[in-house]
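[1] Sequence and predicted structure are below.
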Amino acid sequence: MTGTLVIYFSILGMLVGTIGMILSKDLIKKILSLGIVETSINLMYTGISARSGIIPPIVSGDFSRTTYADPIPQAVIITGIVISFA
């Protein structure tokens, strides 16, 4: 339920940011709207990768491959955050 709610909020944020970029004539408001869209995309990746019953991919005593989280969405999110600071 919470993953679905996060995805709904991210879609709402993308719509708000896109409408802000289209309707605004001020460059600063367009840049802020683009930041809202970027944050919403990171939120969507977080909502998609969030599942219950998974653990971080740190190898410990249990080597069951089905219980580990996929590190690819986490790497994509951190790469997007680093690029946005540049």
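    Nice, thanks for sending it over. Because the structure is a prediction, the values reported are computed rather than measured. Residues are numbered from 1 along each chain as shown.

[2] OK, contacts around E38?
    80, 84 (Cβ atoms under 8 Å, 6 or more residues apart in numbering). For every residue, glycine as well, the C-beta is placed using N, CA and C.

[3] how close does it get to I78?
    14 Å (Cβ to Cβ, to the nearest Å).

[4] just K30 next, same as before
    Taking Cβ to Cβ, one finds K30 at 26 Å from I78.

[5] These two: which has the busier surroundings?
    Counted by other Cβ atoms under 10 Å, K30 and I78 do not tie: K30 has more neighbours, with 16 against 11.

[6] mind saving the C-alpha coords of the helix or strand that contains the more buried one as CSV?
    In this assignment (DSSP states H and E), K30 forms part of helix 27-49. Coordinates of each C-alpha in helix 27-49 appear next as CSV, following Å, rounded to 0.1, in the frame of the first residue of the first chain:
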residue,chain,number,x,y,z
LEU,A,27,13.0,31.2,-16.1
ILE,A,28,13.5,30.8,-12.3
LYS,A,29,10.0,29.2,-12.0
LYS,A,30,10.8,26.9,-14.9
ILE,A,31,14.0,25.8,-13.2
LEU,A,32,12.2,25.2,-9.9
SER,A,33,9.5,23.2,-11.8
LEU,A,34,12.2,21.1,-13.4
GLY,A,35,13.6,20.4,-9.9
ILE,A,36,10.2,19.2,-8.8
VAL,A,37,10.0,16.8,-11.7
GLU,A,38,13.5,15.5,-10.9
THR,A,39,12.6,14.9,-7.3
SER,A,40,9.4,13.2,-8.3
ILE,A,41,11.3,10.8,-10.6
ASN,A,42,13.7,9.9,-7.7
LEU,A,43,10.6,9.4,-5.5
MET,A,44,9.1,7.1,-8.1
TYR,A,45,12.3,5.0,-8.3
THR,A,46,12.1,4.7,-4.5
GLY,A,47,8.5,3.7,-4.6
ILE,A,48,9.1,1.1,-7.3
SER,A,49,12.1,-0.5,-5.5
